[in-house]
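Q: What would the 3D arrangement of this be:
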Amino acid sequence: MSVLWTSAEIETATGGIASAPFEVSGVTFDSREVGPGDLFVAMPGTIADGHQFVAAALAAGASGAIVAQPVDGPHVLVSDVAQALTDLAIAARARTEATILGVTGSVGKTSTKEALADALERNWRGRVHRSVKSYNNHTGVPLSLARMPRDTRFAVLELGMNHAGEIAALTRLVRPHVALITAIAAAHIENLGTMEAIAAAKAEIFEGLEPGGIAIVPDDTPHRDQLVKAARRHAAECITFGGEDADVAALHFVRSDNGGSLITARLMESELTYTISQRGDHWVTNSLAVLAAVEAVGADLAAAGLALADMGGLKGRGERHRIELDGGTALLIDESYNANAASMSATLKSLGDERGVQRRIAVLGPMRELGEQSDALHAALAPDIDAAHVDRLILIGDEMRPLEAALGHSIPFDHAADADAATAMLRALIAPGDAVLVKASNSVGLARLVAAMAGEASCST
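A: Numbering: from 1, shown residues only. Presented below is the predicted three-dimensional model:
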């Protein structure tokens, strides 16, 4: 594998002192992920200090570590490990000649990031770098930058936040050439108070744009003008997507045979007809954001269309499992990673669009960080559930009580105390021909339900 960092380069970037010369081919701060040739960053933690795992990381094949106290084995000694990771990220950004694309939004940022990276990878195989998982915070973004290979042509990095000011700090670290906002929704409204404040916090991504940078904003949102105004303070060009009058818009789309969509889109300088494999109207909008970014960086639009057609399911974000049961199979749709009002509505609509199923079952857990609006936003899901023709519900936790009240007796439901109880209920309920949607905020732990139900007796589609 190619050399990502030498100990001398790490010394220069961090101001640390190397115990001996070494070279690394990767970077991680999770000892469970260490592979041969990695640099292990011994981050301080609220539960455990990374220094406790240095020996295990070296035994697992790490070539060296960044530490704040001397250890046995190759290492670079620094005064502050977290700052050293940020310093390494700054050095990675300074040395690269890559075009950097930053992605944020209340809904769809990870999915759009993955689709955009796949689209660019089509023509630049092996030279497109992306954030892994949802590494989008004050530690995940520096890690993603520090991992960026020297010969990267494009980097697609996700930026997230819980509070105002967080994206401003991240975008100045990333310094994107293109900054994309996917959507504005009531995520983290407990911390931010209003939708306008959420939009303002997401718009911080434009503050780090490089000179000549391009902003890409959703057109089909009440906050469009606020976002465009913020973008124009920092961007040389602002591109809108999604609405009928947007710069990048869907002229026509229909459901395709595989459950996705066949779309004809108007782009900035052309039109493109393409298919997306992902289901749901929200994925039509996501695809338009992807094509806007691809066109903005001058990459191959036709190749991007092919990538969108081939894109597989994303774990926790729409991955589909066929569950083998006595007498047939059931479909499990894994949306367990996160939830807010907009994504709940979109995925329930997708469940309603499923054809050839016996029953539609929704296993829904609470949407978190909604503050005083929590009861109202949970209750407001009732019309979406009704419109999706859901036959049976499993609702998890006390936060779903307002939804139960709003539903009344219109749809049969069970109430589960937690994810484990919901798993037992679903096992007793599921039957061949069912389509089951599983969705909640990540902290509810519905990934455990998916893992238990899917197990080894299923296949992903």
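Q: Let's check: the centremost residue of the protein is which one?
A: The centroid of the chain falls nearest to residue 110 when counting by CA atoms, centre = their mean (1.9 Å).
Q: Can you name every helix or strand that the helix or strand containing that residue contacts?
A: Residue 110 belongs to helix 109-121 when assigned by DSSP states H and E. The helices and strands touching helix 109-121, judged by 3 or more CB pairs under 8 Å, 6 or more residues apart in numbering; DSSP states H and E, are strand 99-104, strand 128-130, strand 154-158, helix 281-296, helix 301-310. C-beta coordinates here come from the backbone N, C-alpha and C atoms, glycine included.
Q: And the longest one, what's buried?
A: When you say that, I think you mean helix 281-296. Of all the residues in helix 281-296, those buried under the rule 16 or more other CB atoms under 10 Å are 282-296.
Q: Could you list the domains of the protein?
A: 5-80, 96-310, 319-460 (automatic domain parsing).
Q: Now do the contacts for the closest residue in space to the residue nearest to the centre of the chain that isn't next to it in sequence.
A: Leaving aside its chain neighbours, residue 110 sits nearest to residue 134 (5.3 Å; criterion: CB to CB, 6 or more residues apart in numbering). Neighbour list for residue 134: 110, 140, 158, 160, 337 [criterion: CB atoms under 8 Å, 6 or more residues apart in numbering].
Q: Burial check on residue 320, number of neighbours?
A: 17 (other CB atoms under 10 Å).
Q: what helices or strands is the helix or strand it falls within leaning on?
A: Using DSSP H and E, residue 320 falls within strand 319-325. Under the contact criterion of 3+ CB pairs under 8 Å, 6+ apart, strand 319-325 touches strand 328-335, helix 446-454, strand 458-460.
Q: got the angle for it vs helix 446-454?
A: Angle, strand 319-325 to helix 446-454, by axes from the mean of the first three to the mean of the last three CA atoms, to 10 degrees: 40 degrees.
Q: tally of neighbours for the residue lying closest to residue 359 once chain neighbours are set aside?
A: Nearest residue to residue 359 in three dimensions, chain neighbours excluded: residue 391, at 4.1 Å (CB to CB, 6+ apart). As a burial measure, residue 391 scores 15 neighbours (other CB under 10 Å).
Q: what residues are up against residue 391?
A: 359, 360, 361, 411, 412.
Q: Make a ChimeraX selection of whichever of the residues you listed turn out to be buried.
A: The ChimeraX selection below is limited to those of the contacts of residue 391 classed as buried (16+ other CB under 10 Å):
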select :359,360,361,411
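Q: Sitting in helices, which of the contacts of residue 391 do you find?
A: Assignment to helices by DSSP state H places none of those there.
Q: Turn the contacts of residue 391 into CSV, including distance to residue 95 and pLDDT.
A: Below are the contacts of residue 391 laid out as CSV (distance: CB to CB, whole Å; pLDDT from 0 to 100):
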residue, distance to residue 95, pLDDT
359, 56, 96
360, 52, 97
361, 51, 97
411, 57, 91
412, 60, 92
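Q: Which of the contacts of residue 391 fall within strands?
A: The strands, defined by DSSP state E, take in 359, 360, 361 from the contacts of residue 391.
Q: on that earlier part again, can you tell which of the domains of the chain is closest to residue 86?
A: domain 96-310 (4.8 Å; CB to CB).
Q: roughly how far is the closest one from the heart of the chain?
A: 11 Å (CA atoms, centre = their mean, to the nearest Å).
Q: got it, and stretch 354-366?
A: 23 Å.
Q: Pull up the distance across it, start to finish.
A: Distance across stretch 354-366, first residue to last, is 23 Å (CA to CA, to the nearest Å).
Q: Check which residues of that stretch are buried.
A: 354, 357, 359, 360, 361, 362, 363, 364, 365, 366.
Q: Low-confidence bits of the protein, can you list those?
A: 1, 456-461 (pLDDT under 70).
Q: which parts of stretch 433-449 are buried?
A: Applying 16+ other CB under 10 Å to stretch 433-449 flags 434-441, 444-447, 449 as buried.
Q: what about it, start to end distance?
A: One end of stretch 433-449 to the other measures 19 Å (CA to CA).
Q: sorry, back to before: could I get the contacts of residue 134 as a markdown table with distance to residue 50?
A: Output for the contacts of residue 134, formatted as a markdown table (distance: CB to CB, whole Å):
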| residue | distance to residue 50 |
| --- | --- |
| 110 | 25 |
| 140 | 15 |
| 158 | 23 |
| 160 | 22 |
| 337 | 25 |
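Q: Who wins on neighbours among those?
A: Counting by other CB under 10 Å, top hit in the contacts of residue 134: residue 158 with 28 neighbours.
Q: so that residue touches residue 133, yeah?
A: No - under the criterion of CB atoms under 8 Å, residue 158 is not in contact with residue 133, lying 9.2 Å apart.
Q: mind listing the helices for the stretch 301-450 of the chain?
A: 301-310, 341-353, 374-379, 382-387, 401-407, 419-429, 446-454 (DSSP state H, counting those that start in this stretch).
Q: could you dump the third one to PDB, C-alpha only?
A: Taking C-alpha atoms only, helix 374-379 is exported to PDB below (Å, rounded to 0.1, in the frame of the first residue of the first chain):
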ATOM      1  CA  SER A 374     -41.400  16.800  20.000                       C
ATOM      2  CA  ASP A 375     -45.000  16.000  20.800                       C
ATOM      3  CA  ALA A 376     -46.400  18.000  17.900                       C
ATOM      4  CA  LEU A 377     -43.900  16.600  15.300                       C
ATOM      5  CA  HIS A 378     -44.500  13.000  16.400                       C
ATOM      6  CA  ALA A 379     -48.300  13.400  16.300                       C
END
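Q: what's in contact with that helix?
A: 186, 190, 341, 366, 367, 370, 399, 400, 402, 403, 405, 406.
Q: Need the winner for burial among the domains of the chain.
A: Highest mean neighbour count of the domains of the chain: domain 96-310, a mean of 20 (counted as mean count of other CB atoms under 10 Å).
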